[in-house]
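A.B. asks: Sequence and predicted model, in that order:
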Amino acid sequence: MTRESIDFARLHLHDDSVRLLLSATRYQGIDMPAAVQQIEGLRTAVAKWPSLFQCETYEYPPRLNREQSSSEATARHKAFVVGHVDRVADLTGGMGVDTWAFSERAKHVDYVEHDAELCRLMERNCQALKLRNVDVHCADSVAWLNEQGMFDLLYIDPARRSASGRKVVAFDNCTPDLLACLPLLYSHTKRLLVKSSPMIDISVAQEQLQRVREVHVVAVKGECKEVLFLCGEGSDEPLIHCTNLCTDHKEVFVFRRSEEKSAVIDFASSVGAYLYDPNAAIMKGGPYKLLAKHFPGIEKVAPSTHLYTSHHLCEGFPGRVFEVIQQITLDYRTVRKLLPEGRAHVVVCNFPQEAVELQRQLKLQEGGDKYVVATTMADGGRVGLLCSMIRK
């Protein structure tokens, strides 16, 4: 991409992309498809890769590569998990965001990618970002690794799409087939970091990967984005890290599965003044009973209801916190008296109706500052709660 096209993209960042493509003949010397690709990349970068947005000469790949790439927040978290090491190989380079993050903590990073155009793009972006400790290799990662020695860390994020474009989750359906590659990977590294889909079955994945030391369930602002498996020698039972990356802080809860299985807790007989809804990383990781033991004063609502309650506000809970205004009957007339404007957010947890169905039944529009929560108590009783949120 020419510098003229890159500059044009920033100048026309807020213009309509389709109109630009249709009027390409008006702009002499501009590769309009490339410029529009840059414009769309810049728009994504504002939220997904804010530091890359600040780099005036960074070039963005096609949309599919951008969609498959880690965000800046999750890439930096991976680099934090890995720590300071000497030699790292990113075996599924793609857009290169993870390579960039690793390069800030590793002495040397090898970026390996079979797509020649992505490799050329990465070479130019290494210059734009002044990454002097990154080598770009255009090669099949398995063939390339066969010719290498030992690494402090290998990182792999297998492509999770089938030949037909359908999304897949299982390791042996990804490209490359991770399970088939495991012997080769373990013969070339002390530690292996695997990125998987947020839909992965963690227990099954642990058995398949064989040497899992740590599991990192990573959410960003309440949405689960990825599950990482750090593999190597030295641990009989992995630590599971549930991390929610917020704008200015992290919510972290660390546990072992055996601790959760052996935990014994009491369940709430009624809902107190506050209600707690765990973040997405907690919900994926599953330390449901341990939360009640870890935070004094809170109780789990029911065995299959992953909500918690307390009479006094508990600080530091990893998730949303609501103040309970009152318990309510979930019928239209009652709700309309309490919410005459007819607007509220509806939340259901272990309840026979979906949120959309209950919202329709109560004739509520989405919005406002109140929440209607429907759930099931330990005795099987169904309750409705009118709440206000005090922490997202």
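C.D. replies: Yep, it's here.

A.B. asks: Please look at residue 114 and residue 138 and confirm they touch.
C.D. replies: Yes. Between residue 114 and residue 138 a contact is recorded at 7.0 Å, counting by CB atoms under 8 Å. Placement of C-beta: from N, CA and C, glycine included.

A.B. asks: secondary structure element for residue 123?
C.D. replies: Assessed by DSSP states H and E, residue 123 sits inside helix 116-128.

A.B. asks: what about the helices in the stretch 201-350 of the chain?
C.D. replies: Along the stretch 201-350 of the chain, counting by DSSP state H, counting those that start in this stretch, helices occupy 202-209, 257-262, 280-285, 288-294, 332-338.

A.B. asks: Of all those, which one comes closest to residue 11?
C.D. replies: helix 280-285 (38.2 Å; CB to CB).

A.B. asks: Can you dump the C-alpha atoms of that closest one in CSV for me?
C.D. replies: Output of helix 280-285 as CSV, limited to C-alpha atoms (Å, rounded to 0.1, in the frame of the first residue of the first chain):
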residue,chain,number,x,y,z
ALA,A,280,-18.4,-14.0,31.8
ALA,A,281,-14.9,-15.3,32.8
ILE,A,282,-16.3,-16.6,36.1
MET,A,283,-19.3,-18.2,34.4
LYS,A,284,-17.0,-20.0,31.9
GLY,A,285,-14.5,-21.1,34.5
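
A.B. asks: What lies in contact with that helix?
C.D. replies: Residues outside helix 280-285 that contact it (CB atoms under 8 Å, 6 or more residues apart in numbering) are 198, 202, 215, 217-219, 222-224, 227, 240-244, 251, 253, 255, 291, 306, 318-319.

A.B. asks: mind running it again at 7 Å?
C.D. replies: Contact partners of helix 280-285, identified using CB atoms under 7 Å, 6 or more residues apart in numbering, comprise 198, 217-219, 222-224, 240, 242-244, 253, 306, 318-319.

A.B. asks: tell me which of those residues is nearest to residue 40?
C.D. replies: For these, the nearest to residue 40 is residue 223 (21.6 Å; CB to CB).

A.B. asks: how far does stretch 108-124 sit from the chain's center?
C.D. replies: In terms of CA atoms, centre = their mean, to the nearest Å, the centre of stretch 108-124 is found 24 Å from the chain centre.

A.B. asks: Tell me how many other residues surround residue 97.
C.D. replies: By other CB atoms under 10 Å, the residues close to residue 97 number 24.

A.B. asks: That one and residue 73 touch, don't they?
C.D. replies: No. Taking CB atoms under 7 Å as the definition, residue 97 is not a contact partner of residue 73, at 10.4 Å.

A.B. asks: what's the burial count for residue 109?
C.D. replies: Counted with other CB under 10 Å, the neighbours of residue 109 add up to 28.

A.B. asks: How are the strands of the stretch 251-392 of the chain distributed by residue range?
C.D. replies: 274-278, 299-302, 305-310, 319-328, 345-349, 370-376, 382-391 (DSSP state E, counting those that start in this stretch).

A.B. asks: Could you dump those into CSV with mean neighbour count added?
C.D. replies: What follows is these, written out as CSV (neighbours: other CB atoms under 10 Å):
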stretch, mean neighbour count
strand 274-278, 23
strand 299-302, 22
strand 305-310, 22
strand 319-328, 17
strand 345-349, 19
strand 370-376, 22
strand 382-391, 17
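
A.B. asks: Just name the most buried of the helices of the stretch 201-350 of the chain.
C.D. replies: Sort the helices of the stretch 201-350 of the chain by mean neighbour count, taking mean count of other CB atoms under 10 Å, and helix 280-285 sits at the top with a mean of 24.

A.B. asks: Can you give the distance from it to the centre of its chain?
C.D. replies: Distance of helix 280-285 from the chain centroid (CA atoms, centre = their mean) equals 11 Å.

A.B. asks: can you check stretch 98-115 too?
C.D. replies: Distance, centroid of stretch 98-115 to centroid of chain: 20 Å (CA atoms, centre = their mean).

A.B. asks: If we go by neighbour counts, what in that stretch is buried?
C.D. replies: Applying a neighbour-count criterion of 16 or more other CB atoms under 10 Å, one finds 98-103, 105-106, 108-114 buried in stretch 98-115.
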